[in-house]
Every structure is written in structure tokens, then in C-alpha cells.
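K.L.:
got a predicted structure here, sequence first:
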Amino acid sequence: MGLYQEKYHVPTFTYDEYEKITVKKDGPVYIVSFNDPGNLNAMSYAQMAEFNEFLIKVRMDHECRVIVLTGEGRAFCAGFNLNDLAMEHPDDMGDVQTMYYLMQRICSDQVVYMHRCEQPIIGALKGYAVGGGMSLSCACDMRILGESFKMNAGYLAIGYTGTDMSGSFYLPKIVGYERAFRIMSSPDRWDAETLHSWGFGLEVVPDDEVVDKAVALAHHMCDTTAPMALRLTKESIHAAVDGTSFETQVKMENRNQVLGAVSQDGVVGRAKMNPHNKQDVKDNPEKYQFKNL
């Protein structure tokens, strides 16, 4: 246990206790996989509980700078695991209470915690993203799409609405109102090429390259930015997406720029750009490297 945990009572950051998700550390990039391929990574209560716990914990993990989110097998996430619908209700809850206080809240907590997560989340998406899986795809900060990726508002096929788990918040901002309305107003499936042409996803690649591409992008972000500055950048972008006013947004940018400037990495960055240090930067590049949080 280091000083981080001992002095500040911060928990240790171990992620090997999970069964329905896996967390692989690749330096400052954490690759998180939904790990129930036999059920197409459908959102069981067990899987959602583990993912929610990870997202709550990882915010404080200063070693994690970017997260890549993917799914094992032939699906990213096939929506809610219908097997769990047959579970008995708690003794003091009826149908409505169980669906509202447990099912819906635990489902939506995933995107709430993704939004709160200070590290950028890159989706490495292939296979099916149905219902809640579509919503999780939309909640990523960026996406690399595999050629097999298909998503749809599957909720509509069982009498539910086409808007759930923040989909109606994110998707119109990603692809525009009309296209988002088309996607969310029927259970039709939408393929990777069509979605990419509408602005959903940075690129479409073969399925066996999707995780590698996302990880490479994550490492590029880590290699070219200061850790605190990257987190503050996500904070500002999310504030804008949330609908802050113009002047409030500018004030947040001002505040974040000052925080970045006075951080240790900001001091190092200015020294690196100082013309008087040009030769020293060449001779001693290690002195001018950004550090972790």
C-alpha cells in the first residue's frame, strides 16, 4: 500500500475480482471488456454492477489516463439480459418499484458514471449494440467501429420507448436531430458504414483491428498530453454538451486553462517551449516529459 492509499485513505485499485467484465492494463490505457459472450454481453445485473463499480473506482485511479471499452465475442452489448427479468422481486417492492428503483436505475447508472468518469472513454465497437448497448455506444467519448458493428433501438420491438440510458441526449448531438430521430423511432438495424457516414465513429476498420486501433489512439492521447489537462479537457467538452451558456463555458475554459498552467506539467510545458531551453530540450528530453497525476 503506497502513500496514496495509506495517507489519503484511497482504496487500492485492483480490478481482477470481476467475472462479467475484464480490465487489462496497457500502461496508462485500461482496456475494459464486457465478458459474457455466451449471452452477447447482454446487461445482466451482475455485469452492470461490476461495470458501475469499476467506473466509480477508476475516477480516483491516477494511473489510468484513457479507457478503451469493448465486448468479447460477436457482440458489444445486446441490451438488457432478459434472463434477469425472471428474477424474484424484493419482498417490499412491486413491479413498478422494482423496475424504477432497481432495473432502470442500475441500467442508467452506467451512462451516468461514464459521463462522470474523468478519463476519456473510447469505444472499440464490433458486432451488435442493441437497446442499452446502443446507449452505451453513444455514451463513449469517441468510437472506432468494426465492420460488423450494427446498432438499433431494440427496446421498441418489445413495446418500450426508443430512448433510454441517455441515448436521446447523446445521439442527436452526434448525428443530428433528424438522423437520430430515424434511428430511435424504429427497431431497424444500422450498419457501421451508414453510421460512420452520419458522423457516428471516427473510422470503420476490420473487426480484428478495432481494439488495436482504439488502443493506439488512446496511447497517442497519453503520449501527447498532460494527464490533468486531458481530464480537464473532457470536463469542458462535457459541460458544453450538457448545455452550459456561452459565457459560463468560457469561464470554465478560463478556469481550466489556469489550472493547467499552474500545474507541474504546465510549468514543464512552458519551459519546454522557452527558446532559451531549446538545446537543453534536445539534450535532456526526460526533464521535459509530462508526469502522471
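P.N.:
Happy to help now that I have it.

K.L.:
run a quick neighbour tally on the nearest residue to Tyr128 once chain neighbours are set aside.
P.N.:
Nearest non-adjacent residue to Tyr128, counting by C-beta to C-beta, 6 or more residues apart in numbering: Ala75, 4.2 Å away. Using the backbone N, CA and C atoms, a C-beta is placed for each residue, glycine as well. Residues lying near Ala75 (other C-beta atoms under 10 Å) number 25.

K.L.:
now do Pro172
P.N.:
Pro172 has 17 neighbouring residues, counting by other C-beta under 10 Å.

K.L.:
poorly predicted segments of this structure, please.
P.N.:
Low-confidence segments of the chain (pLDDT under 70): 1, 292-293.

K.L.:
tell me the centre residue of it?
P.N.:
The centroid of the chain falls nearest to Ile121 when counting by C-alpha atoms, centre = their mean (3.2 Å).

K.L.:
Glu50 touches Ile21, doesn't it?
P.N.:
Yes - taking contacts as C-beta atoms under 8 Å, Glu50 lies within contact range of Ile21: 4.9 Å.

K.L.:
how near is the residue nearest to the centre of the chain to Phe149?
P.N.:
As judged by C-beta to C-beta, to the nearest Å, Ile121 and Phe149 stand 16 Å apart.

K.L.:
and for Leu195?
P.N.:
From Leu195 to Phe149 the distance is 7 Å (C-beta to C-beta).

K.L.:
more neighbours, these two?
P.N.:
Higher neighbour count among Leu195 and Phe149: Phe149, with 29 against 24, using other C-beta under 10 Å.

K.L.:
contacting residues for that one?
P.N.:
For Phe149, the contacting residues are 76, 125-127, 129, 191-192, 195, 201, 204, by C-beta atoms under 8 Å, 6 or more residues apart in numbering.

K.L.:
one more pass at 6 Å, please.
P.N.:
Residues in contact with Phe149, defined by C-beta atoms under 6 Å, 6 or more residues apart in numbering, are 125-126, 192.

K.L.:
over to Ser166?
P.N.:
Counted by C-beta under 6 Å, 6+ apart, Ser166 has contacts 111, 135, 139.

K.L.:
am I right that Gly71 is in contact with Asn39?
P.N.:
No - Gly71 is not in contact with Asn39 according to C-beta atoms under 6 Å; the separation is 10.9 Å.

K.L.:
who's more crowded, the two?
P.N.:
Gly71 (27 against 18).

K.L.:
and the contacts of Phe149 as a markdown table, adding secondary structure, distance to Ser33 and neighbour count?
P.N.:
As requested, the contacts of Phe149 are arranged in a markdown table below (DSSP: H, G, I helix; E, B strand; the rest coil; distance: C-beta to C-beta, whole Å; neighbours: other C-beta atoms under 10 Å):
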| residue | secondary structure | distance to Ser33 | neighbour count |
| --- | --- | --- | --- |
| Leu125 | strand | 12 | 33 |
| Lys126 | coil | 11 | 27 |
| Ala192 | helix | 19 | 24 |
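
K.L.:
from those, pick the one nearest Phe13.
P.N.:
Nearest to Phe13 out of those is Leu125 (C-beta to C-beta; 25.6 Å).

K.L.:
report the buried residues of stretch 251-260.
P.N.:
For stretch 251-260, burial by neighbour count (16 or more other C-beta atoms under 10 Å) applies to 252, 256, 260.

K.L.:
mind checking which of the residues you listed are in helices?
P.N.:
252, 256, 260 (DSSP state H).
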